[in-house]
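Trainee: Just the structure for this:
(chains A and B)
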Amino acid sequence: MTDNLSLAWALAWIRSAQATLEEHRMELIDLDRAIGDGDHGENMSRGFKAVVAKLDDSIPDVQGVLKVVASTLMSTVGGAAGPLYGTAFMRAAKAADGDLDSEKVVAMIAAALEGIVARGKATTGEKTMVDAWTPALEAATAAKDSGASPAAVLRAAADAAAAGAEATIPMQATKGRASYLGERSIGHKDPGSTSTAYLLDEAAKAAGA
Amino acid sequence: MSTVGLVIVSHSAKLADGVVELASQMARDVQLRAAGGTDDGRIGTSFDKVSAAIAELREAGLDVAILTDLGSATMTVDSVLEFLDEDETAHVKFSDGPLVEGAVSAAVTAQVGGDLDAVVAAGRARELFA
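Mentor: Just a heads-up that it's a prediction; the model follows:
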């Protein structure tokens, strides 16, 4: 099937994700300053710059791209995003064997979420990136079940992640360093769920959706 | 003779070094390694620094207990442990306790000959807060 997602998609995704994270660096820093240690924008920016520098012709497939992302984020991002996104991309890589049809796109998102939950031990409603990934998986699954293309599955996931990120604003953080703020964490958007929404949006855009 | 070494993981290189300095005072024969800050000297933790510290102690023939300062340091350590070879996992363990008291308690336990499980248990040091 021609609309399956291939190596070219994965490369385009990660390159444009880097550009978007660069563009939103200050926004992510400000979000994280409000309720965290303020390093999320800088960490994501550094991490993805290092990733893009490692993308070359020797990478054979989608899985290979995701593995490079995983290991590079793991070793270059100093904050919580390193092990969380690193684990997410590592698990996603395992699910992304060959080119991706809609089924595999859903499996990839499911694996990423599973990795984040295993690593961060968070659940929904705690004002973390789980609040973006969980609705993303639900929307992706529903889209796949209704026969959507891989690109449309990613679009559904990205839109749900963006809504999920917005929905973290009224939440009180109960995981991570934001939880030390107690009620004062209410009224701010969670930086990790925001960067998740950007990443998935670029995945969909790179697929043409 | 101590058979267990300690890796102290902190977001701050200074804090990791300081904890090593402090814990060494009562444990002169115990190998302690600081893995603090990112590779480029910022606040944060480094997968590679933690891995290198573990490898150094393992090459010296020691079992390894790891202590951390905050949740994301713990996630970095969990990631490192997940990537260890399977036959290494019995020799490298995370001790989930308060960093300063835990490190001192674990180091002293290693100094008096405690094995890995005893050192890890000492690092948890819950009774210090009872």
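Trainee: quick one: contacts for residue 62?
Mentor: Using chain A here. By CB atoms under 8 Å, 6 or more residues apart in numbering or on different chains, the contact list for residue A:62 reads A:5-7, A:9-10, A:96, A:98-100. To be clear about C-beta, it is placed using only N, CA and C from the backbone, and glycine gets the same treatment.
Trainee: other chain: chain B
Mentor: B:2-5, B:31 are the contacts of residue B:62 under CB under 8 Å, 6+ apart.
Trainee: Quick one: the strands in chain B, in order.
Mentor: B:4-10, B:32-36, B:63-68, B:92-94 (DSSP state E).
Trainee: Adding mean neighbour count as columns, could you present those in a markdown table?
Mentor: Formatted as a markdown table, the strands of chain B follow (neighbours: other CB atoms under 10 Å in any protein chain shown):
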| stretch | mean neighbour count |
| --- | --- |
| strand B:4-10 | 28 |
| strand B:32-36 | 24 |
| strand B:63-68 | 27 |
| strand B:92-94 | 20 |
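Trainee: out of these, which comes closest to chain A?
Mentor: strand B:32-36 (10.7 Å; CB to the nearest CB).
Trainee: in the chain, which ranges drop under the pLDDT threshold?
Mentor: Here I'm looking at chain A. A:1-2 (pLDDT under 70).
Trainee: other chain: chain B
Mentor: In chain B, residues with pLDDT under 70: B:126-130.
Trainee: Now a ChimeraX select for only the buried ones of the contacts of residue A:62.
Mentor: Applying 16 or more other CB atoms under 10 Å in any protein chain shown to the contacts of residue A:62 leaves a buried subset, and the ChimeraX line that selects it is:
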select /A:5,9,10,96,99,100
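Trainee: which one of the contacts of residue A:62 is nearest chain B?
Mentor: Nearest to chain B among these, with distances taken as CB to the nearest CB, is residue A:96, at 18.8 Å.
Trainee: In chain A, where's the longest helix?
Mentor: Counting residues, the longest helix found in chain A (DSSP state H) is helix A:102-120.
Trainee: Is there any residue in that one that contacts chain B?
Mentor: Yes - Helix A:102-120 reaches chain B (CB under 8 Å from any CB of the partner chain) through A:119-120.
Trainee: Against residue A:161, how distant is the nearest residue to residue A:13 once chain neighbours are set aside?
Mentor: In this structure, residue A:13 finds its nearest non-sequential neighbour in residue A:206, 3.9 Å apart by CB to CB, 6 or more residues apart in numbering or on different chains. According to CB to CB, to the nearest Å, residue A:206 and residue A:161 sit 15 Å apart.
Trainee: The two: which has the busier surroundings?
Mentor: Of the pair residue A:206 and residue A:161, residue A:161 is the one with more neighbours under other CB atoms under 10 Å in any protein chain shown, namely 32 against 21.
Trainee: Put the alpha carbons of the helix or strand the more buried one falls within into CSV.
Mentor: In this structure, residue A:161 sits in helix A:150-166 according to DSSP states H and E. The C-alpha coordinates for helix A:150-166 follow below in CSV (Å, rounded to 0.1, in the frame of the first residue of the first chain):
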residue,chain,number,x,y,z
PRO,A,150,-1.7,5.9,8.7
ALA,A,151,-1.6,9.6,8.1
ALA,A,152,-5.1,10.1,9.3
VAL,A,153,-4.4,8.0,12.4
LEU,A,154,-1.5,10.2,13.2
ARG,A,155,-3.6,13.3,12.7
ALA,A,156,-6.3,12.0,15.1
ALA,A,157,-3.5,11.2,17.6
ALA,A,158,-1.9,14.6,17.3
ASP,A,159,-5.2,16.5,17.7
ALA,A,160,-6.1,14.4,20.8
ALA,A,161,-2.7,15.0,22.3
ALA,A,162,-3.1,18.8,21.8
ALA,A,163,-6.5,18.7,23.5
GLY,A,164,-5.0,16.5,26.2
ALA,A,165,-2.2,19.0,26.8
GLU,A,166,-4.8,21.9,27.1
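Trainee: hmm, who's touching it?
Mentor: By CB under 8 Å, 6+ apart, helix A:150-166 touches A:3-5, A:100-102, A:104-106, A:109, A:131-140, A:142-144, A:148, A:189-190, A:193-194, A:196-197, A:200-201, A:203-204, A:207-209.
Trainee: and the residue nearest to residue A:13, what is it in contact with?
Mentor: Contacts of residue A:206 by CB under 8 Å, 6+ apart are A:9, A:12-13, A:16.
Trainee: for residue B:115, same thing?
Mentor: B:3-4, B:63.
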